[in-house]
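Participant: Fold the following, please.
(one chain, ligands or ions: 2)
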Amino acid sequence: MTMHDDVKRRVQTLREEINQHNQNYYQYDAPKIPDADYDALLRELQLLEAENPELMSDDSPTQRVGSAPLDSFQQVEHAVPMLSLDNAFDDDEFEAFDKRVRERADGFEDIEYLVEPKLDGLAISLLYADGVLVRAATRGDGKRGEDVTENVKTIGAIPLSLKGDNLPLRLEVRGEVFMPLSGFQQLNQQALALGEKPFANPRNAAAGSLRQLDSKITATRPLAFYSYGIGVVEGYELPQTQQALFQLLATWGLPVSDQVTTARGMQQCHQAYQVLAQKRALLPYEIDGVVYKVNDFALQKAIGFVSRAPRWAIARKFPAQEKMTEVIGIDVQVGRTGAITPVARLAPVFVGGVTVTNVTLHNEGEMRRKDVRVGDTVIVRRAGDVIPEIVSVVLEKRKPASQLFEMPVSCPVCGSTVERAEGEAIARCPAGLFCRAQVKESIKHFASRKAMDIDGLGDKIIEQLVAQDLVKTPADLYRLTHEQLSSLERMADKSASNIIAALEKSKVTTLPKFLYALGIREVGEVTAASLSSYFGQLDVIQSATVEELEKVPDVGPIVAQHIVAFFELAHNREVIASLKNLGVSWPNVEAVPQDDQALSGKVFVLTGTLSTMGRIEAKEALQLLGAKVTGSVSKKTDYVVAGEDAGSKLKKAQSLGVTVLSEDDLIKLIAKD
Ligand SMILES: NC(=O)c1ccc[n+]([C@@H]2O[C@H](COP(=O)([O-])OP(=O)(O)OC[C@H]3O[C@@H](n4cnc5c(N)ncnc54)[C@H](O)[C@@H]3O)[C@@H](O)[C@H]2O)c1
Ligand SMILES: [Zn+2]
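Facilitator: Ligands and ions are numbered 1, 2, ... in the order given. Got it, this is the predicted structure:
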């Protein structure tokens, strides 16, 4: 067999595989591998074809767009083909694209580009005759798409008729139908509750929702739309640039993205990419890159297109948020409150900008639901700052000998029999501070920045201190001697002195920090702060009853019970007394009974993107003023704070007549106090 036969065979295999993935993705809206892996296959094929032109063929997936339309729909012939976009995965690839553009456009120095977000949905063609929507079609294979007119009419963002007097006779608007993240999460939660298969990502969810045979189903799906281009136009003189077209589309009442900018020269182009990459995590919908389009239409025309994509545009992709890797083991970790958590150890994988080596599987139920096993190939996702997760197992790649992972019946650290309360998802080691794992975690928590903030006392040091029995309770930390500390592994004399000094410094604290540091179950920073400002003194909190505690904003019956149970334990009271004796102290807090707080009893809902503060920050600020912050709008809601791109919650608030506040109103409200 010759070398060439090998290449030929590989090309053949790649084409078959890619065609199969195209079918899963475009026809059934259910991809089996992450996009990054698909892109790698396509790239490999492109490279082999470029090196061996004699193997090129017109029906290669490198020459084609998408996949043929499904037979169950009426088919629509596109008068002007709907193309895909070429990709650039780094600065160099983008610069090579720009160079090609400049060569074709001889005479131009710096090209002006319009930089648009690459919306992660599916392309749609909307035909307006005399300003009235008469037909909507998917892209399909670029030449023929599916007639989805009835479904598209259910999407609120798509106008059924255009605004204005001077309208084209015929106008084919092109744009993207997509599913905002909140709607996607809700849809998948519903699917899980009904025992149905969730969608892999918002893009597939949008495509699956739009390509329903029953438009009543589409009507229930949260779909949105932005327009970005034109296909056929008759009886109208179009403007000269892509940018002016955007303005025109908007005057016709078609929604357009507000994240569009122009860029000229490489520096501006790269910067525009960086700006959107930063905004990506804040947008209420997914974008997977930016699209650069030559702004001048005459120049676009001169540059032209190839079979699959225009030569005057390119998509610069963001780093992949999903990658495939292998589970090399499953460990069990014991947390601060005894929670036993299965954690998957992974073959290191670079995803979402960091290398991921392990992901939590949360609890046994979650692990079973995803059926994650040692040796499995899995898809790992890391989006923004969200902790990485396993999206799914690639069952096709499962090894025949793989076995279900059994949760241990006894604590892997102290050997106590594991307990699982009725109706609780989480199994626990009941040994409390007799379990070294729990001691270790509670000391880490005690020393952490938001708690006692003991500088330099890192996890590795705490692990040694607990393993050597030098520290059994938080109070023991303040009994450590310089000698004991400097006897630890890799501990310089100087570092030991620094830790002693940091311990001394940490003794002066505040009541909320101290309460939080105790690590009472479900008492986070906000609850600790509410408890402090409500009761004022630790003694009062220690002797409060469940009923009294429940009066505190943000404290429900379960938290109240955890608090009472914590202070009932003699051991905990002793540790607190020792800490005080060892010099831990805080200034008195003036108690503010609930009814006197500025926003006590008021119910808030936050929606949309807030630009000056995060939602969690806003929530905490409101709670500290006595407000309750809930997730859904109802008649009981007093105020809805609507940030940018607020959607269904804002609409609901308006329909119920709930007062809507802007971000500025919110800031004034918080600052007033
Ligand atoms: N995982 C899989 O099995 C699998 C299979 C096939 C395709 N894919 C993925 O699908 C993508 C390729 O799909 P594609 O060919 O549809 O191309 P694409 O999504 O990469 O780019 C073209 C599309 O971008 C969209 N778009 C968004 N914003 C736009 C804007 N401002 N201007 C113009 N167009 C805009 C349009 O719908 C257009 O058709 C790749 O990311 C690939 O990884 C994955
Ligand atoms: Zn234990």
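
Participant: Which residue does the stretch 451-600 of the chain have closest to ligand 2?
Facilitator: The stretch 451-600 of the chain approaches ligand 2 most closely through Val466 (12.7 Å), counting by CB to the ion. Glycine gets a C-beta too; all of them are placed from N, C-alpha and C.

Participant: wouldn't that residue be in contact with Cys435 here?
Facilitator: No - assessed by CB atoms under 8 Å, Val466 is found out of contact with Cys435, at 10.7 Å.

Participant: Show me the domain layout of the protein.
Facilitator: 3-63, 75-317, 322-427, 432-581, 597-672 (automatic domain parsing).

Participant: weakest of the ones you listed by average pLDDT?
Facilitator: With a mean of 85, domain 597-672 has the lowest mean pLDDT of those.

Participant: count of residues packed around Pro310?
Facilitator: 17 (other CB atoms under 10 Å).

Participant: cool, the one 10 residues further on as well?
Facilitator: Counted with other CB under 10 Å, the neighbours of Ala320 add up to 20.

Participant: of all of the stretch 151-300 of the chain, which residue lies closest to ligand 2?
Facilitator: Closest point on the stretch 151-300 of the chain to ligand 2, by CB to the ion, is Leu192, at 31.5 Å.

Participant: Helix, strand, or coil at that residue?
Facilitator: helix (DSSP: H, G, I helix; E, B strand; the rest coil).

Participant: where does the stretch 551-673 of the chain come near ligand 2, residue by residue?
Facilitator: By CB under 5 Å from the ion, no part of the stretch 551-673 of the chain sits against ligand 2.

Participant: gap between the residue of the stretch 551-673 of the chain found nearest ligand 1 and Thr637?
Facilitator: Using CB to the nearest ligand atom, Asp645 is the residue of the stretch 551-673 of the chain that sits closest to ligand 1, at 16.4 Å. When distance is defined by CB to CB, to the nearest Å, Asp645 is 20 Å away from Thr637.

Participant: and if you look at Gly456?
Facilitator: 46 Å.

Participant: more neighbours, these two?
Facilitator: Comparing Gly456 with Thr637 by other CB under 10 Å, the one with more neighbours is Thr637, at 20 against 14.

Participant: what's near enough to touch the more buried one?
Facilitator: Going by CB atoms under 8 Å, 6 or more residues apart in numbering, Thr637 touches 603-605, 630, 653, 656, 658.

Participant: Those residues, buried ones only, as a ChimeraX selection?
Facilitator: Burial among the contacts of Thr637 is assessed by 16 or more other CB atoms under 10 Å; the matching ChimeraX selection reads:
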select :603,604,605,653,658
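
Participant: quick one: Asn588 and Phe535 touch, right?
Facilitator: No - using CB under 8 Å, Asn588 is not in contact with Phe535; the gap is 11.4 Å.

Participant: picking up where we left off before, including secondary structure and distance to Lys668, could the contacts of Thr637 go into a markdown table?
Facilitator: Compiled in a markdown table, the contacts of Thr637 are given as follows (DSSP: H, G, I helix; E, B strand; the rest coil; distance: CB to CB, whole Å):
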| residue | secondary structure | distance to Lys668 |
| --- | --- | --- |
| Val603 | strand | 19 |
| Phe604 | strand | 14 |
| Val605 | strand | 18 |
| Thr630 | strand | 22 |
| Ala653 | helix | 19 |
| Leu656 | helix | 24 |
| Val658 | coil | 19 |
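
Participant: helix, strand or coil for Leu254?
Facilitator: Leu254, by the three-state scheme (three-state DSSP), is coil.

Participant: re the thing from before, gap between the residue of the stretch 551-673 of the chain closest to ligand 1 and Leu181?
Facilitator: Applying CB to CB to Asp645 and Leu181 gives a distance of 10 Å.

Participant: which residues are in contact with both of these two?
Facilitator: Counting by CB under 8 Å, 6+ apart, the residues touching both Asp645 and Leu181 are 284-285.

Participant: Now do the strands in the stretch 51-200 of the chain.
Facilitator: Assigned by DSSP state E, counting those that start in this stretch, the stretch 51-200 of the chain shows strands spanning 75-77, 87-88, 112-119, 122-129, 132-138, 144-146, 170-178.

Participant: In a markdown table: those, plus distance to Val294 and mean neighbour count.
Facilitator: Putting the strands of the stretch 51-200 of the chain into a markdown table (distance: least, CB to CB, whole Å; neighbours: other CB atoms under 10 Å) gives the following:
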| stretch | distance to Val294 | mean neighbour count |
| --- | --- | --- |
| strand 75-77 | 27 | 15 |
| strand 87-88 | 14 | 20 |
| strand 112-119 | 6 | 24 |
| strand 122-129 | 19 | 22 |
| strand 132-138 | 26 | 19 |
| strand 144-146 | 25 | 21 |
| strand 170-178 | 17 | 23 |
